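In: Fold the following and give me the result.
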Amino acid sequence: MTIPEGLMDYLFSIETSLSSYRIQLDDLNRIIAECPLSVHEYNSSERLLQLSTEASIGLAKHWVKLIFGSAPSSAYDNLQHLNRAGKIDDEKLALWKKIIGTRNSLVHEYLEIDQTLIKSIIANKEYQEIFTFSQNIIDALRNDA
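Out: I've put the predicted structure just below:
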């Protein structure tokens, strides 16, 4: 496969951003283990989850585009394409449907977010899946290119 111009720069940039997001979420995880999050910390956790998920979705779209030549605009449709291509299994697809749903709630239904859910994601380090998935895509894009 031929790598699109600028993809390697994009991968470096997104990897750097994701590393920063992960460090900040890990910091919030340590804080929530000791005391309740402040309003600012909670708001940061929402934003970091949103940004991390967006980055992962963007990576998935690049992977789909590299495999199929084009990518749908829907985040979930891209994950379905990866599933059909054998790049992710049904269990991962189901998990990402939930992650994308949480991201959609953070963006579109932010006044109705269940704060308990967000705090649980932080406390239980459930956000780690986003970073593992993202790194797997980065590695695949580098290897496929």
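In: Where do the helices of the chain begin and end?
Out: With DSSP state H as the criterion, the chain has helices at 7-34, 39-68, 75-84, 90-108, 115-123, 128-144.
In: Kindly reformat the ones you listed as a markdown table containing mean pLDDT and mean neighbour count.
Out: The C-beta positions use only the backbone N, C-alpha and C, and glycine is treated the same way. Below are the helices of the chain laid out as a markdown table (pLDDT from 0 to 100; neighbours: other CB atoms under 10 Å):
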| stretch | mean pLDDT | mean neighbour count |
| --- | --- | --- |
| helix 7-34 | 96 | 15 |
| helix 39-68 | 95 | 19 |
| helix 75-84 | 96 | 20 |
| helix 90-108 | 93 | 15 |
| helix 115-123 | 95 | 16 |
| helix 128-144 | 93 | 17 |
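In: Assess the claim that His62 and Met8 are in contact.
Out: No - counting by CB atoms under 8 Å, His62 does not reach Met8; the two are 11.2 Å apart.
In: and Leu141, how far is that from Asp77?
Out: Here Leu141 is placed at a distance of 19 Å from Asp77 (CB to CB, to the nearest Å).
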